[in-house]
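Asks: prediction below, plus the sequence it came from.
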Amino acid sequence: MTSALNAAVGGDTRLFAIVGDPIAQARSPLVFNAIFQRMGVNAVLVPMQIPAASLETAIAGLKRIANLDGIVVTVPHKIAMTSWVDRLLPIAQKVGAINCMRRAESGEWIGEMYDGEGFTRGLRKQGHEPRGMAVFQAGAGGAGKALAHALASAGVKSLRLIDVDRAKQDALVTEIAQAYPQVNVAAGDSQPADVDMVVNATPCGMAEGDALPFSIEQLDRNVLVADIIMKPERTPLLRRAEERGHRTHLGRHLLENQAEIVAEFFGLKPM
């Protein structure tokens, strides 16, 4: 697939980028380029590693590339990138983070967040209905905020949230409580209990030797263990969950279920 894709790239190819730091873990180039090929559109998505200190300069430069039509945003830039768009669509406004941005015909850049919808769609496609669940989630960054909003909107019964940054954790608890008063939301701890699903929405597990984001040793074996990390596909958390006999939900389900939506957001249509 890669050789066929490279051979098709020419001067009239439309460009898309995914920006993050690190970027080697990103599966988006594989998924999106396969979608572009399937749709028959002359476009390519390329990975770009941009450290936080260089983000403003790099994005200003990318926005001046006339044949660059859109950007996918990954860790750790999802919140910061809201400063570099001209307009936020409704989910991004609510969450305060984006995972994609596109150039409109007017020339303005528009940002939106589809991580949450991708996650809940992925759950349902795998047979896990979030409505009525008691959920524990680690992570209150850009992706974590999106997941928390999406899970609350999907009708979870309760939501326990933790983050190493207590200010972010407490702010998200307050945000969800105000936006979704029907959801029992509170700060959790590193030993989740009495839940139906636990979710890792932190980067813990991307790097070799990372500690688990939380303990699962006290959990009932019926609890679903989910991770949003794409690479490695089976994180230390998921491997430990499988050893204990838990059902697991992979990070790629989020990406695969939001990629088609993001391609549509980019304005791409099958030929």
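Replies: Thanks, I have it. Remember, predicted model here, so these are calculated numbers, not experimental data.
Asks: so how far is residue 44 from the most centrally placed residue in the chain?
Replies: For the chain, the residue sitting closest to the mean C-alpha position, by CA atoms, centre = their mean, is residue 115 at 3.9 Å. In this structure, residue 115 lies at 23 Å from residue 44, with CB to CB, to the nearest Å as the measure. C-beta here means a position set from N, CA and C on the backbone, and glycine is covered the same way.
Asks: how about residue 170?
Replies: The spacing between residue 170 and residue 44, counted by CB to CB, is 42 Å.
Asks: same check, this time on residue 262
Replies: Plainly put, residue 262 is 15 Å away from residue 44 if you go by CB to CB.
Asks: the two: which has the busier surroundings?
Replies: Set residue 262 next to residue 44 and count neighbours by other CB atoms under 10 Å: residue 262 wins out with 24 against 19.
Asks: and the strand or helix carrying residue 136, what does it pack against?
Replies: Under DSSP states H and E, the secondary-structure element containing residue 136 is strand 134-138. Counting contacts by 3 or more CB pairs under 8 Å, 6 or more residues apart in numbering; DSSP states H and E, strand 134-138 packs against helix 142-153, strand 158-162, strand 197-200.
Asks: now for those, which one comes closest to residue 65?
Replies: Distance to residue 65, taken as CB to CB, is lowest for helix 142-153 among those, at 23.9 Å.
Asks: which other helices and strands does that closest one contact?
Replies: Contacts defined by 3+ CB pairs under 8 Å, 6+ apart place helix 142-153 against helix 90-95, helix 115-125, strand 134-138, strand 158-162, helix 166-179.
Asks: cutoff 10 Å now
Replies: helix 90-95, helix 115-125, strand 134-138, strand 158-162, helix 166-179, strand 184-187, strand 197-200, helix 252-265 (3 or more CB pairs under 10 Å, 6 or more residues apart in numbering; DSSP states H and E).
Asks: now do it against helix 252-265, angle only.
Replies: Interaxial angle, helix 142-153 versus helix 252-265 (axes from the mean of the first three to the mean of the last three CA atoms, to 10 degrees): 90 degrees.
Asks: beta partners of residue 16?
Replies: Applying DSSP bridges to residue 16 gives these bridge partners: residue 45, residue 70.
Asks: that one and residue 69 touch, don't they?
Replies: Yes: with contact defined as CB atoms under 10 Å, residue 16 and residue 69 form a contacting pair (6.2 Å).
Asks: more neighbours: these two, which one.
Replies: It is residue 16, of residue 16 and residue 69, that has more neighbours when counted by other CB under 10 Å, with 24 against 17.
Asks: tell me the spacing between that one and residue 9.
Replies: The spacing between residue 16 and residue 9, counted by CB to CB, is 12 Å.
Asks: so what's in contact with the two at the same time?
Replies: Taking CB atoms under 10 Å, 6 or more residues apart in numbering as the contact criterion, the common neighbours of residue 16 and residue 9 are 43, 44, 46.
Asks: what residues of stretch 145-165 count as buried?
Replies: By neighbour count with 16 or more other CB atoms under 10 Å, stretch 145-165 contains the buried residues 145-154, 156, 158-163.
Asks: for that stretch, what is the distance to the chain centroid?
Replies: For stretch 145-165, the distance from its own C-alpha centre to the chain's C-alpha centre is 14 Å (CA atoms, centre = their mean, to the nearest Å).
Asks: dump the shared contacts of residue 16 and residue 9 to JSON lines, plus distance to residue 252 and pLDDT.
Replies: Converted to JSON lines, the shared contacts of residue 16 and residue 9 look like this (distance: CB to CB, whole Å; pLDDT from 0 to 100):
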{"residue": "43", "distance to residue 252": "21", "pLDDT": "96"}
{"residue": "44", "distance to residue 252": "21", "pLDDT": "97"}
{"residue": "46", "distance to residue 252": "20", "pLDDT": "97"}
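Asks: appreciated, that's everything.
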